[in-house]
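>>> model this:
(chains A, B, C, D, E and F)
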Protein chains: 6
Amino acid sequence: MFLHTLFILSLLLGSSHALDFCVADLSLPPGPAGYPCKKSASVTVNDFVFSGLAAAGNTTNIIKAAVTPGFDAQFPGVNGLGLSMARLDMAVDGVIPLHTHPGGSEILVVTQGTICAGFISSFENTVYVKQLNKGDVMVFPQGLLHFQINSGDGVATAFVTFSSPNPGLQITTFALFKNDLPTETVNAVTFLDVAQIKKLKGVLGGTN
Amino acid sequence: MFLHTLFILSLLLGSSHALDFCVADLSLPPGPAGYPCKKSASVTVNDFVFSGLAAAGNTTNIIKAAVTPGFDAQFPGVNGLGLSMARLDMAVDGVIPLHTHPGGSEILVVTQGTICAGFISSFENTVYVKQLNKGDVMVFPQGLLHFQINSGDGVATAFVTFSSPNPGLQITTFALFKNDLPTETVNAVTFLDVAQIKKLKGVLGGTN
Amino acid sequence: MFLHTLFILSLLLGSSHALDFCVADLSLPPGPAGYPCKKSASVTVNDFVFSGLAAAGNTTNIIKAAVTPGFDAQFPGVNGLGLSMARLDMAVDGVIPLHTHPGGSEILVVTQGTICAGFISSFENTVYVKQLNKGDVMVFPQGLLHFQINSGDGVATAFVTFSSPNPGLQITTFALFKNDLPTETVNAVTFLDVAQIKKLKGVLGGTN
Amino acid sequence: MFLHTLFILSLLLGSSHALDFCVADLSLPPGPAGYPCKKSASVTVNDFVFSGLAAAGNTTNIIKAAVTPGFDAQFPGVNGLGLSMARLDMAVDGVIPLHTHPGGSEILVVTQGTICAGFISSFENTVYVKQLNKGDVMVFPQGLLHFQINSGDGVATAFVTFSSPNPGLQITTFALFKNDLPTETVNAVTFLDVAQIKKLKGVLGGTN
Amino acid sequence: MFLHTLFILSLLLGSSHALDFCVADLSLPPGPAGYPCKKSASVTVNDFVFSGLAAAGNTTNIIKAAVTPGFDAQFPGVNGLGLSMARLDMAVDGVIPLHTHPGGSEILVVTQGTICAGFISSFENTVYVKQLNKGDVMVFPQGLLHFQINSGDGVATAFVTFSSPNPGLQITTFALFKNDLPTETVNAVTFLDVAQIKKLKGVLGGTN
Amino acid sequence: MFLHTLFILSLLLGSSHALDFCVADLSLPPGPAGYPCKKSASVTVNDFVFSGLAAAGNTTNIIKAAVTPGFDAQFPGVNGLGLSMARLDMAVDGVIPLHTHPGGSEILVVTQGTICAGFISSFENTVYVKQLNKGDVMVFPQGLLHFQINSGDGVATAFVTFSSPNPGLQITTFALFKNDLPTETVNAVTFLDVAQIKKLKGVLGGTN
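So this is what the prediction gives:
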């Protein structure tokens, strides 16, 4: 008789997608709130687990650092849950250049080494910067310019979590120099010298 | 008898703050959702009307432009309503430098002159830029770098509305050079040359 | 080597729709949060620019006024951004009749002429009304009845922005008389006289 | 030892207000998100229980109906929870006049009698109306004009729930006639005849 | 001429889905914000009315109670509106077992009989419990464990409303024992005895 | 002249609290959206940095585990930003008992050891469980029952982030047995045996 009740409840509650969660169906176009949900029957625990942050990113590059994302496109289980992660790896002298996340706040925990991290407020351009050691946590409010620098003698690693499944990442130097925005426009809107602009466009492959 | 009913309804519904709106009481500290509400009895139509955008801002300055805000601190009626405004005035060759609004999207309508406006996506650093004439409207998605340049022969004016009563305004060049962020840090996180950084810190009053 | 890094970042971040923005794909059905997003590759700057408000609407009609919308259906770039616009044109004696926007608050800036604008609070039916001149701004809280009347000697124009890409527009007189809601029902729920109801149903093409 | 753990957890988690809920402290001014929270120590079960809807409202009035609210001002436990309730009582021929709730959607369940309920869409002024019997449920989307009429032979009762702790209630006829909005303004923005307006202002105590 | 205006307004405003509401198209996959909207033309008043709560649920079962849902899957008109309902029927000694709704708060009104209802705060595990009579209302904050027990001599009935169109329902005892979570795991994470776990797994059909 | 402009901008934008962020003023009562903001002048970088998770929690207790929170009450910089963190330490055989977070989703990264983690869906009570190694990430959807067990041979550590500055923590076994909820009520709403209930109430200090 009890099992009978359970059956009725299942029948009534179970006839649709379960909206406890909404694992992204990446084959369909997303909307403003995220991707459509996969059918419950095809969801597995692997949708909620992501191993792509377990290995260090390749830091053999000019910034001596790597950002490995675990956003909705890589980790479909976070769709609709207001969270995503990334891993930061920095070799000695590595730097995560100045950037913003247009769509979310960030919280960072250092798991190896020492990191000098900071953000700039839009209020009087105040800088909030601090040396972070292993286990220290820092929060970067939504949309503000921030950076991380390996300030120790060895490798530094951090895990960052965002308040959005797809927070975006706008690196200021790339936004200025790694595209076809004309040099004169960059000059007009930043006051940077033309020579400086042309030099960095050259390095980054920007045109115009 | 009818009036009796009305009295009862008023009694029941009217015994608290009216939450049709929540005019900011600027004398109290705000919270994440905005300022506490003024008492209904002291709210007047002037809380919902702002005349501070009627006159052009002073453009006799190096950017030949002015931004006049009508955010919650100036216009308490917008508190809690998810909207605020500002006025842009640009003399010939005037520029609103590259900036972001950390807390909201922006929609702009040109009311005088011709403006070249653009924003930069965080996706492949794509630039979306267009010449806008009187009556044209452009939308700038939340948190992305954007700019406006007077591209006509005369004065240009625009009204902008934000999807927040307090969207913030972070001008990239001020954030980089108009504070005490050390030159070497700016260099490390932007790849700009030290000489360029020192030059602009000099112009803008930055230190270190 | 640096370009190598950039390539890796692009690979990781660029493999999906860019969610910096979500330009409406109007060919697909919307959901509660708006329309699905167009693919990044087919987005152009024209999705973010709307010229449909540049020309005055036709005011040769009984209200001597026109409302021209720039909502998501006309202006797909606003999808998901919490903003949309409209233009109000009023000939001499023109009126935007009493109405609400069920889905958003409104902020209005007068760009020509003089407008008498007001809204009615649900708290004690208090009326907030004011004469607005060129450059004045007024905010109308979500869902409340409001109106605009050309109170000057010439044409009046205003641009309005809403806190929603699709705020809706419910004109009270049309809602009451321009449909098949039976006369006796209108009478019962408004206390208006039957003769008055029949007269306005006649003017507006309502039935029953 | 186990108790020791519990003590530590309590110490860490218990040193602030519990934000499982936020019972309204009605003595402090609310903000856009609701009232400040009472201290945990002074919260009791009675904050979460409301008996004010148990008795029928007094329907001895011209509308032969009563609305009894259980909003945050009456029922402080709903603060911050996105819900509130009201009770509708209608004597024979009783009517809840045409109205909107600016701040929320409504769901209604009939518990006695028969009710004719309807709402008007802002899209083509379409009317959605239906006879509801005991146990029937109807939903009224946010901000749209709606009404309820006792369409049976006896008393009718319904409980309504709103998607907001303070949804507001704007009765159209009161908003038009029960205040000091000038007759000529009402005429201009509604097309109602001056005589009709003056008549209803007289009944409802409106002026001007 | 007036009709001409109306035609223009309809043309401009009516060319898309009406977003006054978004009736669920249950044939399409939902997203984090709910289901895609049915086309306006196929929406009828029956989408906004649900009669499935009019009859008592079958309480001939071991809990002597029934929960009948009116969530989005059963009642497509609630999609996107932040509300849904359910009916509780309890025979003598009937019980709605301890459960949570992961996605929303709940408000309950007793329409027949007497119910002992309670919830447990996460702050110091405080219990808030009260005897509710006909017409009494109780609110259960989001995500907290709660229960309802028929504490009277006859049948008890209640209508509950949720602050979500799909609040979910997680019955603790079913979550623990009516699945394949290994007995040793249940033991480890609850401290319940193995014999107790095996006994209830047996009753409920759980395995491992 | 340029500095003059900057001065004007500062004057206009700087006259209120900066709402780039809203560091909690823990001396004032919170509201539904969080705590009131500290004045900008008294905010320092230390408000955005939290070192309380750097050291392992004390696991010398019956669960051989510790949860150290970095919620708004401990870490005022997260107020209003939709994020907070905690640290999990588990000795050999350590367990974080079955629990929910009523107010947010959780994302976990293993930084040491091996953890068996799982959650239970409200849809058919499906269990999603997996062995997680160092660097693996798992997401737990809002409000669902979940647990973590040290499944390795040594100490295990994880950092968890929540989609709320104050997600709450309701441990099922404590909610059932560590308070004054009467044994007969626990029995009625869980089907657990009276002897089992009394035994665990004894261990945990529950009464009745």
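
>>> roughly how far apart are A:Gln74 and chain F?
Shown here: A:Gln74 relative to chain F, a distance of 10 Å by C-beta to the nearest C-beta, to the nearest Å. For the C-beta atoms, the positions are set from N, CA and C on the backbone; glycine is no exception.

>>> in terms of helices and strands, where is that residue?
Using DSSP states H and E, A:Gln74 maps to neither a helix nor a strand.

>>> how about it: what's its closest non-neighbour residue?
Nearest residue to A:Gln74, sequence neighbours excluded (C-beta to C-beta, 6 or more residues apart in numbering or on different chains): A:Gly52, at 5.9 Å.

>>> ok, that neighbour - contacts?
With contacts defined as C-beta atoms under 8 Å, 6 or more residues apart in numbering or on different chains, A:Gly52 is in contact with A:Thr68, A:Gly70, A:Gln74, A:Phe75.

>>> for it, helix, strand, or coil?
The three-state assignment at A:Gly52 reads coil, by DSSP: H, G, I helix; E, B strand; the rest coil.

>>> any idea of the pLDDT on it?
Model confidence at A:Gly52, expressed as pLDDT, equals 97.

>>> so which of the contacts of A:Gly52 is the closest to chain F?
Nearest to chain F among the contacts of A:Gly52 is A:Gly70, at 5.9 Å by C-beta to the nearest C-beta.

>>> give me the neighbour count for the closest one.
Residues lying near A:Gly70 (other C-beta atoms under 10 Å in any protein chain shown) number 28.

>>> with adjacent residues omitted, what lies nearest to it?
Here the nearest residue to A:Gly70 in space, its sequence neighbours aside, is A:Met85; by C-beta to C-beta, 6+ apart that works out to 4.4 Å.

>>> re the thing from before, got phi/psi on the residue nearest to A:Gln74?
A:Gly52 adopts backbone torsions of phi -70, psi -10, taken as degrees, to the nearest 10.

>>> again, but for A:Lys201
Main-chain dihedrals, A:Lys201, degrees, to the nearest 10: phi -60, psi -40.

>>> so what's A:Pro141 up against?
For A:Pro141, the contacting residues are A:Ser105, A:Phe119, B:Pro102, F:Asp20, F:Phe21, F:Phe48, F:Leu81, by C-beta under 8 Å, 6+ apart.

>>> so the fourth one touches B:Pro102, yeah?
The reference is to F:Asp20. Yes - with contacts counted by C-beta atoms under 8 Å, F:Asp20 reaches B:Pro102, the gap being 5.8 Å.

>>> among the contacts of A:Pro141, which two are most distant?
Pairwise distances across those (C-beta to C-beta) peak at 14.7 Å, for the pair B:Pro102 and F:Phe48.

>>> of the contacts of A:Pro141, just say which sits nearest to D:Asn58.
Set against D:Asn58, the nearest of the contacts of A:Pro141 by C-beta to C-beta is F:Leu81 (48.5 Å).

>>> surely the closest one and F:Phe21 touch.
Yes - F:Leu81 lies in contact with F:Phe21 (C-beta under 8 Å); the separation is 7.0 Å.

>>> and the two? Which one has more around it.
Remark: of F:Leu81 and F:Phe21, F:Phe21 carries more neighbours, 31 against 25, as counted by other C-beta under 10 Å.

>>> what's the distance between that one and chain D?
Applying C-beta to the nearest C-beta, the value for F:Phe21 to chain D is 17 Å.

>>> how about the nearest residue to that residue, chain neighbours excluded?
Leaving aside its sequence neighbours, F:Phe21 sits nearest to A:Pro141 (C-beta to C-beta, 6+ apart; 4.0 Å).

>>> would you state the helices of chain A in chain order?
In chain A, the helices defined using DSSP state H lie at A:2-13, A:172-177, A:183-190, A:194-204.

>>> quick check, the last one touching chain B?
Yes - in this structure, helix A:194-204 sits against chain B according to C-beta under 8 Å from any C-beta of the partner chain; the contacting residues are A:Gln196, A:Lys199, A:Leu200, A:Val203.

>>> quick check: the farthest pair among these?
Spanning the widest gap among the residues of helix A:194-204 next to chain B are A:Gln196 and A:Val203, at 11.1 Å by C-beta to C-beta.

>>> and the two? Which one has more around it.
A:Gln196 (22 against 14).

>>> for that one, give me its contacts.
For A:Gln196, the contact set (C-beta under 8 Å, 6+ apart) comprises B:Leu192, B:Asp193, B:Gln196.

>>> what does A:Asp20 give?
A:Asp20 makes contacts with E:Pro102, E:Gly103, E:Gly168, F:Ser121, F:Ser122, F:Phe123, F:Pro141, F:Gly143, F:Leu144, as judged by C-beta under 8 Å, 6+ apart.

>>> 6 Å instead, please
A:Asp20 sits next to E:Pro102, E:Gly168, F:Ser121, F:Ser122, F:Phe123, F:Pro141, F:Leu144 when contact means C-beta atoms under 6 Å, 6 or more residues apart in numbering or on different chains.

>>> likewise A:Ile107?
Each residue near A:Ile107 by C-beta under 6 Å, 6+ apart is listed here: A:Val139, A:Thr161, F:Leu83, F:Met85, F:Thr161.

>>> ditto for A:Val137
Contact analysis of A:Val137 by C-beta under 6 Å, 6+ apart lists A:Val109, F:Phe50, F:Leu53, F:Gly70, F:Met85.

>>> give me the nearest residue to it, chain neighbours excluded.
Among residues not flanking A:Val137 along the chain, F:Phe50 sits closest, at 4.5 Å (C-beta to C-beta, 6+ apart).

>>> that neighbour and F:Phe71 touch, don't they?
No - using C-beta atoms under 6 Å, F:Phe50 is not in contact with F:Phe71; the gap is 9.9 Å.

>>> what domains does the record give for chain A?
Following the assignment in automatic domain parsing, chain A carries domains at A:46-168, A:175-204.

>>> mind putting those domains in a markdown table, distance to F:Gly31 included?
What follows is the domains of chain A, written out as a markdown table (distance: least, C-beta to C-beta, whole Å):
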| stretch | distance to F:Gly31 |
| --- | --- |
| domain A:46-168 | 19 |
| domain A:175-204 | 37 |
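
>>> for chain A, which spans come out with low pLDDT?
Counting by pLDDT under 70, the ranges of chain A that qualify are A:1-18.

>>> contacting residues for the closest residue to chain C within it?
Using C-beta to the nearest C-beta, the closest approach of chain A to chain C is made by A:Pro32 at 3.0 Å. The contact partners of A:Pro32, taken as C-beta under 6 Å, 6+ apart, are C:Cys22, C:Ala33, C:Gly34, C:Gly80.

>>> out of these, which one sits closest to D:Ser40?
C:Ala33 (34.9 Å).

>>> so who does that closest one touch?
By C-beta under 6 Å, 6+ apart, the residues touching C:Ala33 are A:Gly31, A:Pro32, A:Ala33, E:Ala33.

>>> A:Gln142 now?
A:Gln142 is in contact with A:Gly104, A:Ser105, B:Pro102, counting by C-beta under 6 Å, 6+ apart.

>>> same question, A:Phe191
Residues near A:Phe191 by C-beta under 6 Å, 6+ apart: B:Thr173.

>>> if we go to 10 Å?
A:Phe191 makes contact with B:62-63, B:95, B:97-98, B:172-174, B:177, B:196, B:199-200, B:203-204, F:2 under the criterion C-beta atoms under 10 Å, 6 or more residues apart in numbering or on different chains.

>>> now the contacts of A:Gly52 in CSV, with distance to C:Leu26?
Formatted as CSV, the contacts of A:Gly52 follow (distance: C-beta to C-beta, whole Å):
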residue, distance to C:Leu26
A:Thr68, 36
A:Gly70, 32
A:Gln74, 29
A:Phe75, 30
